[in-house]
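Engineer: got a sequence here, can you build the structure:
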Amino acid sequence: MEKFFKRLTAAVMTVAMLATSVLFLSAFAASAHDVPQTVPLRSTLESIGAQVDWTRTQTTVSLNDDVFVFTPGSLQARLNSEEITLSHPVIITNSIAVMSADDAALISALVQSPPIDTSPEVPVGEFAQTIQTAQIAAQQAAEVGVAGLSIALVDAETGFTWTHGFGMADTNRNLPVNADTMFQIGSVSKQFTAIAVMQLVEQGLVDLDAPLVRYIPEFSILPSARYGGNSDNITVRMLLNNTSGVPSNWMRAFYVTGSEHYQGAMNDLLDWLKTRELSFVPGTRYEYANNNWVLAGILVARVTGHTNYFEGFVEYTDENIFAPLGMTRSTFEFTPDLTNVAMAHIMTGMQDDMFLVSKISAGSILSSANDMAQYMHFMLGGEADAQILSRASIAQMLRVQTNHVEMSGAQLGYGLGFAQIQLPDGFQYVGHSGGTLHFHTDLILDPNAGLGVFVATNSTTGALAAQAISVAVIQSALEEKTGSIPRVPVDGPQMDPDATPVELSEDEISELYVLEGAYDFGIGGIWELHIEDGALVWTPLYGGEAEVAVPMSDGTFQGPVGRYLFNVDGDDISVTYMSPIFGIMPGARITISDDTQAPEGFSSWVGQYDFVPVLGNDITISDYIVIAIDEFGRPTITQHVAMLDVLSEVLGINMVTSNILTLIDGTWYLGLTPILFSMDNGVATIDFMGATFARS
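Structural biologist: Numbering: from 1, shown residues only. Model prediction:
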């Protein structure tokens, strides 16, 4: 569990930005014979005469004169006063405690009771294997702390629909998830914003390739100091395919804790953008930017005659998208009167405050599995309550309109509200993921096969699970329906799943020393590599436990939860970290040299910077930021996130990552993100991703 949460830190930071991520858990793709057969704990043990007292933290089973005590999630149990070790932990899913059939048989044998019937209740009929895959995946998600989960699977060609809820929507009130439970779906919302714009295109009210200023005359952004550019050249299409150059700043007034504070975030965006610079020349590159979608929402409201952008956009989408499609459990606006809403959780048993996305057209929809199933039927050409957009417009939305970029080892191209993702194993699909502070979702469509999958979770730990499960389910459905999982040939790092550990000769070990040094894994931090006894020893530069990776027969090195593959090109050395749990993470070897040293005078900026709200109830993912100079004399930035600080305390490990700042043309950068320092009446401030932080 500790290893999981260490790697989860990077994923949380990435996915929580509402960006399209490509992390996936191939373990969830396992077929039924790869995972333990499970049985309901209570009904199974009661069938042999046991008395079961079950709570969410402990299960006590009295059988004859023996007493068993189980703790969900733990392999350790007790029989009377003796400890016993289970083959698999007890899992709670959909408010039901389940245990492995092997462990149930063990209990029966220990107390010499009649044999237990462990024949599993398996799904039957259409997509039975896929439904079982989804059920197993939900159990595995519960093991890593996902409180609640909702799934929808559709086949538009046959009209098939399967929806289901697992776990808890509200642990404080003990309310389970069902197929009508509403989840925040994050950036999956962008598809609906794109539909609204495309409806206006079909009505002749908007031209995709016309300048945005035609519809919003007061819109403007300053040219980039590094690249130039003119915001008058930004078209409507560029908003929808993320090539506009509009700054991606998303932290400023992005989340609020009360629906009464929704309004300001959209209505003041135009004034704020006039003070910002373009990120690049419009139309020259792809960069995921939530502000593109806020502008698209403003466009919809403006063109349809509304002066209040928030109210106008909500009204338009309610009347022209959700109502016609029969999506009665869907809305861009959270209101206190909504019922059966999944509450926010850091992890199972750790419920948190409900944070809302204030820039609604970028990612604020609440929806249910049943509603998203209805939507997928429409998008795939199946039966739907209404045809709100032409097939030609839908095809244009799904078609890639940008150059492909690499994200976490996968290839990504973007259409209009949809991404095309090619995973490193060659599997390719169209869809979109979504992530807010606690909610993580994924939607995948396969127009050729007529299949669609939607997954939603209500926990920070669902950052990895949502996309993992959706990929596993769509692959299983494709195999059941068509007999195969289509893949395209891929270049790049590969690993043999059947590779075994090997012992290297002294000569082979000596050749490894060229790999030693520091490697930058981006938001995953900087790790130093040393060779010891033929194994790789990775040590995080800013504290934490070392990890050992041993050589494998395919040339990779196996770590605790993933493998490392090196590419040596002369003096340039890079490494790719490949994990069935944490996806693909590229790393580049770096040199710690004098040019990374903090310049004279930088010490005047050192200190803790606290977040300054824009709205009355505005919050952000980074509660405070620390600027420091590390032991090597380099300037660093550390973002402190409340939910990660809580997890660090609970798990007893450090989950906070520090990163090195770089100075380019007089401006400090974290990666490609500018960090603007200023001094106002003796108070030092930082402008970071659109949010302001003031030194304590």
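Engineer: and V314, what helix or strand is that in?
Structural biologist: Using DSSP states H and E, V314 sits within helix 309-317.
Engineer: same check, this time on A109
Structural biologist: A109 belongs to helix 101-110, assigned by DSSP H and E.
Engineer: now the next helix or strand after that helix: mean pLDDT?
Structural biologist: Next in sequence after helix 101-110, counting helices and strands by DSSP H and E, comes helix 128-143. Helix 128-143 shows a mean pLDDT of 88.
Engineer: C-terminal to helix 128-143, what's the next element?
Structural biologist: Next element after helix 128-143 (DSSP H and E): strand 148-155.
Engineer: which neighbouring elements make contact with that following strand?
Structural biologist: Under the contact criterion of 3 or more C-beta pairs under 8 Å, 6 or more residues apart in numbering; DSSP states H and E, strand 148-155 touches helix 128-143, strand 160-170, helix 369-379, strand 451-457, helix 462-482. For the C-beta atoms, the positions are set from N, CA and C on the backbone; glycine is no exception.
Engineer: what's the angle between the first one and helix 462-482?
Structural biologist: An angle of 170 degrees separates the directions of helix 128-143 and helix 462-482 when computed by axes from the mean of the first three to the mean of the last three C-alpha atoms, to 10 degrees.
Engineer: try the third one
Structural biologist: Helix 369-379 and helix 462-482 meet at an angle of 50 degrees, taking the same axes, to 10 degrees as the criterion.
Engineer: next one: the second one
Structural biologist: Put simply, strand 160-170 runs at 160 degrees to helix 462-482, going by the same axes, to 10 degrees.
Engineer: strands paired with strand 160-170, and their directions?
Structural biologist: strand 148-155 (antiparallel), strand 175-176 (antiparallel) (DSSP bridges).
Engineer: can you flag the weakest of those by average pLDDT?
Structural biologist: strand 175-176 (a mean of 92).
Engineer: for I531, give me its contacts.
Structural biologist: 509, 512-513, 515-516, 537 (C-beta atoms under 8 Å, 6 or more residues apart in numbering).
Engineer: could you do T596 as well?
Structural biologist: By C-beta under 8 Å, 6+ apart, the neighbours of T596 are 632-634, 660, 662.
Engineer: neighbours around the closest residue to G167 other than its chain neighbours, how many?
Structural biologist: With C-beta to C-beta, 6 or more residues apart in numbering as the criterion, G167 has its nearest non-adjacent residue at 4.1 Å, and that residue is G148. G148 sits with 30 neighbouring residues when counted by other C-beta atoms under 10 Å.
Engineer: next, the contact list for G148, please.
Structural biologist: 165-169, 176-177, 181, 342, 345, 457-459.
Engineer: CSV for the residues you listed, including neighbour count?
Structural biologist: Shown next, in CSV, are the contacts of G148 (neighbours: other C-beta atoms under 10 Å):
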residue, neighbour count
G165, 26
F166, 26
G167, 27
M168, 31
A169, 24
P176, 16
V177, 29
T181, 27
A342, 29
H345, 29
T457, 32
N458, 31
S459, 30
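Engineer: tell me the one of those residues nearest E547?
Structural biologist: S459 (25.4 Å; C-beta to C-beta).
Engineer: isn't that closest one right up against V144?
Structural biologist: No - contact between S459 and V144 fails when scored by C-beta atoms under 8 Å: they sit 9.0 Å apart.
Engineer: still on that earlier bit, inside strands: which ones of the contacts of T596?
Structural biologist: 660, 662 (DSSP state E).
Engineer: restrict the contacts of T596 to the buried ones and give me that as a ChimeraX selection.
Structural biologist: To isolate the buried members of those in ChimeraX, using 16 or more other C-beta atoms under 10 Å:
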select :634,660
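Engineer: can I get the contacts of T596 in JSON lines including pLDDT and distance to G326?
Structural biologist: Listed next are the contacts of T596 as JSON lines, based on pLDDT from 0 to 100; distance: C-beta to C-beta, whole Å:
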{"residue": "F632", "pLDDT": "80", "distance to G326": "60"}
{"residue": "G633", "pLDDT": "87", "distance to G326": "62"}
{"residue": "R634", "pLDDT": "85", "distance to G326": "57"}
{"residue": "I660", "pLDDT": "81", "distance to G326": "52"}
{"residue": "T662", "pLDDT": "81", "distance to G326": "51"}
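Engineer: low pLDDT regions in the stretch 451-600 of the chain?
Structural biologist: Along the stretch 451-600 of the chain, the model assigns pLDDT under 70 to residues 491-495, 497, 522-525, 542-544, 561, 579-584, 592-595.
Engineer: assumed P324 was part of a helix.
Structural biologist: No - the assignment for P324 (DSSP: H, G, I helix; E, B strand; the rest coil) gives coil, which keeps it out of a helix.
Engineer: could you check how many residues crowd around it?
Structural biologist: When neighbours are counted by other C-beta under 10 Å, P324 comes out with 14.
Engineer: quick revisit: give me the buried positions along the helix holding A109.
Structural biologist: Under 16+ other C-beta under 10 Å, the buried positions of helix 101-110 are 101, 103-108.
Engineer: what's it packed up against?
Structural biologist: strand 38-40, helix 41-46.
Engineer: returning to that earlier point: which among the contacts of I531 count as buried?
Structural biologist: By 16+ other C-beta under 10 Å, the contacts of I531 give 509, 512, 515, 537 as buried.
Engineer: pick the one among those residues closest to I185.
Structural biologist: Nearest member of those to I185, counting by C-beta to C-beta, is V537, at 41.8 Å.
Engineer: distance check, the closest one against D268.
Structural biologist: Using C-beta to C-beta, to the nearest Å, V537 is found at 51 Å from D268.
Engineer: next: A101.
Structural biologist: Going from A101 to D268 by C-beta to C-beta gives 59 Å.
Engineer: go on, H432?
Structural biologist: 27 Å.
Engineer: higher neighbour count, these two?
Structural biologist: The neighbour count for H432 versus D268, taken as other C-beta under 10 Å, is higher for H432 (24 against 15).
Engineer: coming back round to it: return the helix holding V314 as PDB; C-alpha atoms alone will do.
Structural biologist: C-alpha atoms of helix 309-317 as PDB (Å, rounded to 0.1, in the frame of the first residue of the first chain):
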ATOM      1  CA  TYR A 309     -22.600  33.600 -18.900                       C
ATOM      2  CA  PHE A 310     -23.100  31.100 -16.100                       C
ATOM      3  CA  GLU A 311     -26.900  31.100 -16.100                       C
ATOM      4  CA  GLY A 312     -27.000  31.300 -19.900                       C
ATOM      5  CA  PHE A 313     -24.800  28.300 -20.400                       C
ATOM      6  CA  VAL A 314     -26.600  26.200 -17.800                       C
ATOM      7  CA  GLU A 315     -30.000  27.100 -19.300                       C
ATOM      8  CA  TYR A 316     -28.900  26.300 -22.800                       C
ATOM      9  CA  THR A 317     -27.400  22.900 -22.000                       C
END
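Engineer: residues in contact with it: which ones?
Structural biologist: 192-193, 196, 262-263, 266-267, 297-298, 300-302, 304-306, 331-333, 360-361.
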